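Novice: Give me a 3D structure for the following:
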Amino acid sequence: FVAAGGDDSTSKFADALVASAAAAKHGAPVVLTGLGANKDNVDKSVKYVKGKMGDNTKVTIVGGTASVSEAIEKDLKGEKESTGKADVQSIEALNLNQIKVVFDGKVDEDTAEDVRNYELDGTQLKGESKKGEKDGDAIADLQSDERTVIITLAEKEGQEKEKTLKVRKGILTADKSKLVKEKEVKLKFKDTTAPTIKKVEAKGNRKVTIEFSEAIFVDENTQYDALNRLAEELEINDETINKIGFEADYSEVKNSIKAKDGGFYVNKVEYYLEEKLPSGTNKLYTPDGKDGEYLADASGWIIKEKTIDFKIGEVTGKPKVKTVKGGTDGKIYINFDRAMDKKSLKECEIRLNEDVVSADKIELKEGDTQIKLSGVENVRTGSNTIEINDKLKDAYGNKIEDELRVTFTASKDEVKPKVSHVLTVDDNTIRVIYSKDVSEKVAKEKGNYTLRDSKGNKVTIDEVEKIAGDTYDVISSEKLDGSKYTLKVEDVIDLAGNVMDDYTATIKGSEVTPIVDEVVDMGKADKKERIAILFGQEMKTSTTNKVENYKFKDADGKVRDLPSDTKITTSKDGKAARLELPEAYVVGKKGEKVANKSASNIVTAIVVTKNVESASGIKMDADETHDIKASSISTVKMDAEPMTLIKNGTDDLKIEIKYTGSLDKYGEEKDYQFKAGDKTITANKVNAKGDYIEVKFAEKDADLIERAGVDVQLVSVGKVTDFAGRTIEKEDLNKDKFKGIYHNEIAPELLYEKDKGYINVEKDNKAGDKDWAVNIAEGKITVKFNTKIDKNSAHKNDFTFISNQSSTLEVKSAEVKDNTIIYTLTDEGTERLQKLGKDKSELTHEITVKPQDSQRIESKEDLDGNSKKFEIKSSEKGERLKFKVTVTEADTKVKPDAEKPGDTEKPGDTEKPGDTEKPGDTEKPGDTEKPGEDAVDFTVEVKPGAIVGTTIVIVNDVDASKTVEVDGKNTRNVNGKFVTTINKTLTDEQAKALVVIK
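Specialist: Predicted coordinates for the structure are as follows:
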């Protein structure tokens, strides 16, 4: 018993006097500490109590925190007071295979229990495989205080063994607002204490949980076998648990890990018994353990024979619901007046608003008194109804009412989800943590994530895995090797239907240890042997180009230094190095002789030393020895996203053809041909640069390529070899990936030439490549751009045209044709353009062209679905764009062949959804799908997009079997709603007019 007391005259001893009677009954001491005691006495008292405490010692604090502070209570429990900081408070080894990490404040369960957030002696711990096997390095368990994590290792350490544990940057505070700081502590593994039964707890009369003071070993092959073995040894009320019987589907070994050499380490076991236990006192008996078999710890200490009492209450009557709370965030909490039954919960049916809730979204929480529903997507704003059928029982076997029906009210959630954190988990995984739970179906869609390396190359995303409602892992089969990456996340929706704003994060990859993929014999050049070394990632060339960082094995197997006059060439992408040996050396095989060569001059293998570093500064683990492979057909091929179109400022236009590995030779320039419109264009200059070929063109050809933009097609390439000199097989260039540009980096710019400050303009069809055109009779002004324009990005208000003779020329419509936009004037605007001089004499109009800040012109989408926005140059603002056109009476007359039957634009005609062009598309008659086909009574709502001028369009009341497009763009079905983002500002009515339902 611990009570207040000390040596000052103001302190009272009432609590101690009250406690003395109870203490005498149990033969226990009363220790005075707390209020009135000085620090020295407090420390001595706490030390005394802690020295007398065993695993099953009960300490009673008398008087509460008003008398004995919470800090003293925590000290007695072995806890330190929380500072609330995002720090690691302490790290210690508990025994030979368990480590305790205590944080300053409460931490997030998902990240704290992910063992990849810990390193032991520099090696990142590995968790279980996706198959659910306990085959990882460790398992971590967050304790009930939400501050302490116990890590159980699969492999035990030796007594007095010292190792360093590092808590990596990846663990979040409980509110997920901060990342816990990294911390490293040197540990000494030691175990001199036998394990015990820490706690026995019954939930109702069938579920019994037995917790051990430390992980105990069970020598069995599977978790079920371990569960069964312990059931054969442990007894309840003089019968083994095995004899009483337990239901395997609802029983489990908890916080267990498969031992490295076989068997399991188990921290806790939970049995769901086939028979009810009686109310009142029950007895758990545990026999002596056996080292290496059962009930013994990693160091061989065994649990000693012992009987422990545990109580089961008597509960009758039907279970009642105390409260129900829920929201459109997809979480619902149903609180009962007692613990509920695990088995019956799985067997019963729960309906939310008449829809059955999936079993994987239902769990027991809060000591089994709460049924929690997570990730449900049909919570309505306002009143909601939950129905539970009569199969549900409490933990004592009492059924609920015939059918339970409860309601709750959910308020409208209009808060958009955001990305709170982006973390590198390991060398293949990036973790995205949202500000709230999001739709699983949408968040797992790979297309909502774009990952690029520091050079802008897209990294393949293989899978997006759900970790929690607000946490998803983006997984790639490619190694994320420590250089810079950007991850773009878009179009993810929460459970209330709110769409996130687009988010882009810059992150570092994992610290991946560099490896050598292979060493290849390239043969001789100028009588000198050449050997290629291919690395698994980009390397630091200042280390791969040093002769002293390589050695070789000779014909006798001896390791020797490379000759100092060996020439080393590195690839431009840093992923390969080529050794050119002096003439005196040859490549051979171990034990074989070569005429006129001593064994010491025959190179049979290359040793890459540990001094070689990756581009991010990570050294190799150790020297690596690789036999020299004979040359063969290269495994390098054209990338899945092969062509990028680039022009930076005044630099030459170029096309980059990307490959999957380092390149050496590219063949001849004449072999590189492209199609731009109906013209075939041949390269003017070609160069191999790392893993891509750079192609440039003569000036006129470059202009044609630029105007063709994303529709440029690859026709032929030269003979390409990789950096090891191996020929790369040619691919079928008729594949879709070659029928357009995959990544377009050229933004639209106005295309024109000026004469004396005025843009060159020609009438009708006489305009050259860079001339603008005016059709006075039809009231049309054609504006030209350097590259192809997206059909849906033009608007009648993009530009204002002002004539000095007749004021503003109002525009009726805008139509995109390749790299031009044709603006058709209204009848009044056409009349103003056609204004003549006195007596119908010719009249020269000076027309000022003012680009509007509200315009949303952008390039045609590339094969990756991206476009570039038209940005107005400062030199083109105000009244700096002008052209002159002289109008004659003849110009105002429509030419006989200008209009053909069917060509006349009808009032109300607009661009139809479905007209959006993809690279390489050509228009075919009848291809356009009209809005309104298969008439459906649907509704549309719009929200402002993340980028000014964009609109999120949500289409409601459409059958899930249908496909919905808006303005030619596919939508995603999210929670019964079809959603997409359109690159223009729309009202509800405008958006609805652009909807196509198929």
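Novice: which one is the residue most central in space within the chain nearest to, not counting chain neighbours?
Specialist: Closest to where the C-alpha atoms of the chain average out (Cα atoms, centre = their mean) is V474, at 3.2 Å. Using Cβ to Cβ, 6 or more residues apart in numbering and skipping the chain neighbours, the partner closest in space to V474 is I430 (4.6 Å). Every residue, glycine included, has its C-beta placed from N, CA and C.
Novice: for the one you found, helix, strand, or coil?
Specialist: I430 falls in the strand class when you classify it by DSSP: H, G, I helix; E, B strand; the rest coil.
Novice: just checking, it touches L451?
Specialist: Yes - under the criterion of Cβ atoms under 8 Å, I430 makes contact with L451 at 7.1 Å.
Novice: and the residue nearest to the centre of the chain, what is it in contact with?
Specialist: 429-432, 449, 451, 461, 464, 487 (Cβ atoms under 8 Å, 6 or more residues apart in numbering).
Novice: ok, back up a step: what's the overlap in contacts for I430 and L451?
Specialist: Common neighbours of I430 and L451 (Cβ under 8 Å, 6+ apart) are 474, 476, 485, 487.
Novice: tell me what the helix or strand harbouring K441 is packed against?
Specialist: Assigned by DSSP states H and E, K441 belongs to helix 440-443. Packed against helix 440-443, as judged by 3 or more Cβ pairs under 8 Å, 6 or more residues apart in numbering; DSSP states H and E, are the following elements: strand 463-468, strand 972-974.
Novice: at 10 Å what do you get?
Specialist: strand 463-468, strand 471-475, strand 972-974 (3 or more Cβ pairs under 10 Å, 6 or more residues apart in numbering; DSSP states H and E).
Novice: list the buried ones in that helix?
Specialist: By neighbour count on 16 or more other Cβ atoms under 10 Å, the buried set for helix 440-443 is 440, 442-443.
Novice: for these, which one is nearest T886?
Specialist: Distance to T886 across the buried residues of helix 440-443 (Cβ to Cβ) is lowest for V442, with 58.1 Å.
Novice: tell me the contacts of the most far-flung residue of the chain relative to its centre?
Specialist: Relative to the C-alpha centroid of the chain, counting by Cα atoms, centre = their mean, D839 is the outermost residue, at 72.3 Å. For D839, the contact set (Cβ atoms under 10 Å, 6 or more residues apart in numbering) comprises E889.
Novice: try the one 5 residues further on
Specialist: Taking Cβ under 10 Å, 6+ apart as the definition of contact, the neighbours of T844 are 804-805, 837, 884-887.
Novice: Make JSON lines from those and add secondary structure, distance to K163 and neighbour count to it.
Specialist: Listed next are those as JSON lines, based on DSSP: H, G, I helix; E, B strand; the rest coil; distance: Cβ to Cβ, whole Å; neighbours: other Cβ atoms under 10 Å:
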{"residue": "N804", "secondary structure": "coil", "distance to K163": "84", "neighbour count": "12"}
{"residue": "Q805", "secondary structure": "coil", "distance to K163": "87", "neighbour count": "15"}
{"residue": "G837", "secondary structure": "coil", "distance to K163": "95", "neighbour count": "14"}
{"residue": "K884", "secondary structure": "strand", "distance to K163": "82", "neighbour count": "15"}
{"residue": "V885", "secondary structure": "strand", "distance to K163": "83", "neighbour count": "20"}
{"residue": "T886", "secondary structure": "strand", "distance to K163": "88", "neighbour count": "12"}
{"residue": "V887", "secondary structure": "strand", "distance to K163": "89", "neighbour count": "22"}
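Novice: can you tell me which strand in the protein is longest?
Specialist: Longest strand in the chain, counting residues (DSSP state E): strand 207-218.
Novice: and it, what does it pack onto?
Specialist: Applying 3+ Cβ pairs under 10 Å, 6+ apart, one finds that strand 207-218 contacts strand 148-153, strand 197-203, helix 223-233, helix 241-244, strand 252-254, strand 264-272, strand 280-286, strand 306-312.
Novice: ok so, going back, higher neighbour count, I430 and L451?
Specialist: Set I430 next to L451 and count neighbours by other Cβ atoms under 10 Å: I430 wins out with 26 against 20.
Novice: Check what pLDDT D561 gets.
Specialist: With respect to pLDDT, D561 scores 95.
Novice: Tell me which residues touch it, please.
Specialist: Taking Cβ under 10 Å, 6+ apart as the test, what D561 contacts is 547-548, 550-552, 607.
Novice: ok, now with 8 Å
Specialist: Here D561 is in contact with 548, 551 (criterion: Cβ under 8 Å, 6+ apart).
Novice: For I99, see how far away it is.
Specialist: 44 Å (Cβ to Cβ, to the nearest Å).
Novice: ok but K276 is inside a helix, no?
Specialist: No - secondary structure of K276 (three-state DSSP): coil, not part of a helix.
Novice: residue contacts, the closest residue to it other than its chain neighbours?
Specialist: Among residues not flanking K276 along the chain, N205 sits closest, at 4.4 Å (Cβ to Cβ, 6+ apart). With contact set as Cβ under 8 Å, 6+ apart, N205 has these partners: 276-279, 312, 395-397.
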